[in-house]
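**Student:** sequence and computational prediction follow.
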Amino acid sequence: MLEGKHGKGKRFAMEKLVDFGRAVGAEEMVPLTFVHYIGCVKDLPRDTPEYQQFEWGQGLQLEPLFEMGAKVTDDPRVTCSTDPFLHQLDRFDEPGTPWNNKYYKLPKIVHEASVRGYEAMKDAGWVPTHSCTPQFNTVSPKRGEYAASCESSCAAYLNTIMGVKTNRENAVTGMYAAYAGVLPKYGMLLEENRRPKVIFDLADEIKQHIVDDPADWAALGGAIAMKVNNRGIPAVTNMPDRLTTSAAKALTACASPGMNDPMLHLIGITPGSDTLEQAFGGAVPANVERIPITLADVRAVYEHLRTAKTDKVDIVHMGCPHLTYEEIRMIARAIEGKKVHPDVMMWAQTDTPSYNMAKHYGEAKIIEDAGGKIYHQTCAGMNMLSKDWGSNFTVATSSFKQIKIFGGLGHSLIFASLPELINAAVTGRYTPSRWAR
């Protein structure tokens with residue numbers, strides 16, 4: 001590739017990766033099976049305020065590769081997919097959505113640039129998943145394989161649940177890796193950097209009280225993340241016996257924002273970590289710190305993430321990370337026969353396959369007949385990064401990640417369980433029930 005035998009684009013990408021590899025002291029490249037990157041706007045006029053606000057760098061990085069006509073790696077063993085972006089492209093004008101509502105309207109010029117970016121990435125060979133959960137709908141890498149995920153929740157799931165090796169890859173090297181199909185072996189790709197440094201022991205009462213509501217698992221992940229505090233990768237013992245896909249997604253996604261490295265060793269669940277000894281690669285160090293996690297810690301996450309000074313709710317948001325189809329079914333069962341309060345916007349965001357299944361099997365109609373919105377391709381948080389929303393509203397959500405990553409607008413926040421969210425959507429008011437004292 002460096003000699004240009006595979007084209008200008010791949011030589012360009014490989015030169016950048018070699019420079020990065022030298023900078024981090026990597027000794028070799030590793031072949032990838034999966035790359036997950038971020039969408040982009042394309043050809044947004046540079047003399048506009050929209051350029052200053054919405055050109056976040058991906059378009060600028062991809063621009064020379066687009067101009068070269070470069071394609072992502074043609075190695076059939078590698079899949080390159082994209083993260084959710086600003087809006088569902090075919091519903092730009094629909095009111096009551098995260099991109100078109102009483103607080104905010106995505107500018108048309110950005111919509112047009114997003115469509116151009118989508119088409120350009122698709123033409124370059126990217127799989128346009130626009131999903132933060134591609135491990136459920138695009139590719140299933142095997143244990144021990146290497147990936148490059150720029151999506152934090154996906155990276156944590158790959159490392160923790162699937163035994164795939166990935167960093168929470170940055171948005172520069174992740175792009176070049178897609179074109180070259182390889183990445184310098186550094187960070188979490190090295191076995192010695194994947195060992196736990198601290199142990200969290202879950203109390204029996206957690207196993208007895210935690211339910212399948214994703215918010216409980218998000219709160220457990222948040223409780224672990226809030227105690228990690230730069231201690232390193234945690235090993236977690238005494239895990240509940242039943243861990244559904246949705247629970248694993250919520251747990252890993254909501255632990256990841258609080259950790260330097262996107263991985264937990266869930267003893268008995270994480271591949272290669274059936275025991276603490278396996279996780280540590282030998283005897284458990286005598287001086288390793290052990291921290292208990294109690295039901296009070298899980299309850300404290302619910303309370304800590306309720307910053308609202310009022311019980312009035314303006315937005316109920318579910319699907320960060322994207323909802324699985326089973327979670328959509330849970331929402332549909334809970335909202336069926338009810339009506340969303342006219343002053344509330346209820347949003348359910350999911351990936352494209354789950355969205356189409358919900359459309360086909362009727363759950364989408366139940367949610368929409370109730371007055372909610374279900375959509376795909378989109379991360380509401382991407383829009384909430386906009387400066388235009390203001391702060392005079394309250395969002396209720398079941399996502400620790402949503403609050404920690406996208407909660408910086410100054411608006412009020414409420415972390416809540418599914419029954420609480422449905423009640424808030426219908427009444428316009430938050431009434432605590434889960435973990436209420």
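**Tutor:** Noted; the coordinates are in hand.

**Student:** for the residue lying farthest from the centre of the chain, what is the enclosing helix or strand?
**Tutor:** Computed with CA atoms, centre = their mean, the residue of the chain farthest from its C-alpha average is residue 3, at 36.9 Å. Using DSSP states H and E, residue 3 maps to neither a helix nor a strand.

**Student:** and it, what pLDDT?
**Tutor:** On the pLDDT scale, residue 3 is placed at 96.

**Student:** check the one 5 residues further on too.
**Tutor:** Residue 8 carries a pLDDT score of 96 in this model.

**Student:** I figured it hits residue 70, correct?
**Tutor:** Yes. Counting by CB atoms under 8 Å, residue 70 is a contact partner of residue 8 at 7.0 Å. In short, each C-beta sits where N, CA and C put it, glycine included.

**Student:** who has more neighbours out of these two?
**Tutor:** Per other CB atoms under 10 Å, whichever of residue 8 and residue 70 has more neighbours is residue 70, with 21 against 14.

**Student:** what about that one, distance to residue 184?
**Tutor:** The gap separating residue 70 from residue 184 is 20 Å, by CB to CB, to the nearest Å.

**Student:** ok, residue 291 next?
**Tutor:** 33 Å.

**Student:** and what of residue 105?
**Tutor:** For residue 105, the distance to residue 184 (CB to CB) stands at 42 Å.

**Student:** repeat for residue 107
**Tutor:** Here residue 107 is placed at a distance of 38 Å from residue 184 (CB to CB).

**Student:** neighbour count winner among residue 105 and residue 184?
**Tutor:** Taking neighbours as other CB under 10 Å, residue 105 and residue 184 compare with residue 184 leading, 22 against 15.

**Student:** which residues touch the more buried one?
**Tutor:** Residue 184 is in contact with 17, 18, 20, 21, 24, 26, 28, 29, 30, 173, counting by CB atoms under 8 Å, 6 or more residues apart in numbering.

**Student:** hang on, the first one packs against residue 180?
**Tutor:** Translated: residue 17. Yes. The criterion here is CB under 8 Å, and residue 17 meets it with residue 180 at 5.8 Å.

**Student:** who's more crowded, these two?
**Tutor:** Using other CB under 10 Å as the criterion, residue 17 and residue 180 rank with residue 180 on top: 30 against 22.

**Student:** ok, that one - contacts?
**Tutor:** For residue 180, the contacting residues are 1, 10, 13, 14, 17, 73, by CB under 8 Å, 6+ apart.

**Student:** mind listing what the helix or strand encompassing residue 320 pairs with, with the direction of each?
**Tutor:** Using DSSP H and E, residue 320 sits within strand 315-323. Strand 315-323 has these partner strands in its sheet, going by DSSP bridges: strand 345-350 (parallel), strand 394-397 (parallel).

**Student:** what average pLDDT does the shortest one get?
**Tutor:** Confidence over strand 394-397, taken as the mean pLDDT, stands at 94.

**Student:** can you list the low-confidence ranges for the chain?
**Tutor:** Residue ranges of the chain with pLDDT under 70: 435-437.

**Student:** all strands for it, in order.
**Tutor:** Using DSSP state E, the strands found in the chain span residues 29-37, 79-82, 146-149, 182-184, 198-202, 234-237, 265-266, 289-293, 315-323, 345-350, 373-376, 394-397, 412-415.

**Student:** how about TSV for those, with distance to residue 215 added?
**Tutor:** Converted to TSV, the strands of the chain look like this (distance: least, CB to CB, whole Å):
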stretch	distance to residue 215
strand 29-37	25
strand 79-82	27
strand 146-149	24
strand 182-184	35
strand 198-202	17
strand 234-237	18
strand 265-266	19
strand 289-293	16
strand 315-323	9
strand 345-350	14
strand 373-376	19
strand 394-397	9
strand 412-415	7
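
**Student:** please list all residues in contact with residue 27.
**Tutor:** Applying CB under 8 Å, 6+ apart, the residues contacting residue 27 are residue 185.
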